[in-house]
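Asks: Quick one, what's the 3D model for this:
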Amino acid sequence: MTNNVAICKTIRRIIKDKYLHTTYNGCTTHGIDLVLEDIGEIDWVHKIVNEAKTIMKFIANHHKSQTFFREFSNKEIDLALLRPRDTRFGTNFIILERLQKVKTLIQQMIVSLKWKIWMCSNEN
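Replies: Residues are numbered from 1 along each chain as shown. Below is the predicted model of the structure:
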């Protein structure tokens, strides 16, 4: 098993030449990832993904917003929920799924008095 296209093509040719009646299937995960990438390039999907990334980056890149997020979340949900690990497979859709899981928490956080005070203090 490998995710290297050049190696897969070479192995496919070797198997096809040696075993004439053998079928070959490409990497299903890679195929699904390519489909998800194509979906992610649709204008309205791309816009939503970019907005989700902006929200997550804002929370992740500010210590105060991280603190607020942790105040509104329980111990089962932490900031790691917002940050998918380094992977190519469906990352945009993992981001959307995780953001959906914490949507209510984020909504409660941004309407809180503490958040409003913090945001107003940053405007000056």
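Asks: can you give me phi and psi for residue 118?
Replies: Dihedral pair for residue 118: phi -60, psi -40, per degrees, to the nearest 10.
Asks: wait, I meant residue 111
Replies: Per degrees, to the nearest 10, the backbone of residue 111 is at phi -100, psi 0.
Asks: how deep is it tucked in, by neighbour count?
Replies: Residue crowding around residue 111 was assessed by other C-beta atoms under 10 Å; the count is 9. Bear in mind the C-beta positions are built from the backbone N, C-alpha and C, glycine included.
Asks: residues in contact with it?
Replies: Going by C-beta atoms under 8 Å, 6 or more residues apart in numbering, residue 111 touches no other residue.
Asks: Next one: it from residue 44, what distance?
Replies: Per C-beta to C-beta, to the nearest Å, residue 111 is found 27 Å from residue 44.
Asks: One more: residue 19?
Replies: As defined by C-beta to C-beta, residue 19 lies at a distance of 46 Å from residue 44.
Asks: Which of the two has more residues huddled nearby?
Replies: Neighbour totals were compared for residue 19 and residue 44, and residue 19 leads with 10 against 7 (other C-beta under 10 Å).
Asks: Tell me both backbone torsions, phi and psi, for that one.
Replies: phi -120, psi 90.
Asks: All the helices of this structure, in order from the start?
Replies: 5-18, 28-40, 43-61, 63-72, 91-101, 103-110, 113-123 (DSSP state H).
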